[in-house]
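Student: Build me a model:
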Amino acid sequence: MSKRIGLFGGTFDPVHYGHVALVNSFLESHKIDELWVLLTPVPPHKQDKEHASFDDRKHMLNLAFKNDNRVSINTVERDLPKPSYTIRTLRHLLKEHQSVKFYLCIGEDSLANFDKWKDHRDILDMCELLVAERPDVSHEHVDKEIMNKVHFVEHKPVEVSSTSIRSLISDGKSVKHLLTPEVYKYIMANNLYQ
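Tutor: Numbers count the residues shown, from 1 in each chain. Have a look, this model is predicted:
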């Protein structure tokens, strides 16, 4: 049987307990053997002091998941043409790893807009979707062709966002409870988001 790998993409600016909980839910679904966190470069229009560099974000991801050998941080999107479209990344990965079965790992809120993703039908031809359930999101209006490729994963969302963390830090408020201790230390030591 081919190896089953989940792909979970984002800017992770910074990675927080909400991301960690999602990764754990995807892995505990037993649909995948391992998970690759795909670090997306920040769009050019967002390059300001509120954002951490690609290398800082990669370092924080490594710190957040260092104790789980089922998780690896993948930086392939740094070298692919911009903007970073999922379809482009998938084509590249499938060419490099032909014997792997990929699952795209997303939240149920992303599923609601999946038909707006670039070449979403082609994505469905290449992989299936692992979707973390959210109690407050409906997927009644999602196309049947999309739903046929969906595997729902039990998940208890942790209500936190990277945007709110950046904002709290710049306001001098504590975010210690929202981040793994190593990531928190790294942010403080490097004066990120201040």
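Student: so Cys105 sits in a helix?
Tutor: No - going by DSSP: H, G, I helix; E, B strand; the rest coil, the assignment for Cys105 is strand, not a helix.
Student: Correct me if wrong: it contacts Ala132.
Tutor: Yes - contact between Cys105 and Ala132 holds when scored by Cβ atoms under 8 Å: they sit 7.4 Å apart. Using the backbone N, CA and C atoms, a C-beta is placed for each residue, glycine as well.
Student: The two: who's more crowded?
Tutor: Cys105 (29 against 24; other Cβ atoms under 10 Å).
Student: For that one, list each beta-bridge partner.
Tutor: Leu130 (DSSP bridges).
Student: OK, contacts around it?
Tutor: 6-8, 22, 26, 32, 35, 129-130, 132 (Cβ atoms under 8 Å, 6 or more residues apart in numbering).
Student: For the protein, just list every one of the strands.
Tutor: Applying DSSP state E to the chain gives strands spanning 4-10, 34-39, 71-74, 101-107, 128-132, 150-153.
Student: Can you verify my assumption that Lys118 contacts Thr89?
Tutor: No - using Cβ under 8 Å, Lys118 makes no contact with Thr89, being 11.0 Å away.
Student: okay, the two: which has more neighbours?
Tutor: Thr89 (20 against 11).
Student: Packing partners of the lowest-mean-pLDDT helix or strand in the chain?
Tutor: In the chain, the helix or strand scored least confidently by mean pLDDT, DSSP states H and E is helix 108-111, which has a mean of 90. Counting contacts by 3 or more Cβ pairs under 8 Å, 6 or more residues apart in numbering; DSSP states H and E, helix 108-111 packs against strand 128-132.
Student: quick one: buried residues of the strand it packs on?
Tutor: 128-132 (16 or more other Cβ atoms under 10 Å).
Student: do stretch 169-183 as well
Tutor: 169, 175, 178-180, 183.
Student: Tell me where the model's unsure across this protein.
Tutor: Low-confidence segments of the chain (pLDDT under 70): 1, 42-49.
Student: Run through the residues that contact Asn190.
Tutor: Asp56.
Student: quick one on the thing from earlier: overlap of the contact sets of Cys105 and Ala132?
Tutor: 22, 26.
Student: got the residue ranges for the helices in the chain?
Tutor: For the chain, applying DSSP state H gives helices covering 17-28, 54-64, 86-96, 108-111, 120-126, 144-147, 162-170, 181-189.
Student: quick one: which of those helices is nearest Pro41?
Tutor: Comparison of these against Pro41 by Cβ to Cβ identifies helix 54-64 as nearest, at 5.7 Å.
Student: so what secondary structure elements neighbour the closest one?
Tutor: strand 34-39, strand 71-74, helix 181-189.
Student: Show me the one of the ones you listed that comes nearest His155.
Tutor: strand 34-39 (13.8 Å).
Student: So what are the sheet partners of that closest one and their directions?
Tutor: As assigned by DSSP bridges, strand 34-39 forms pairs with strand 4-10 (parallel), strand 71-74 (parallel).
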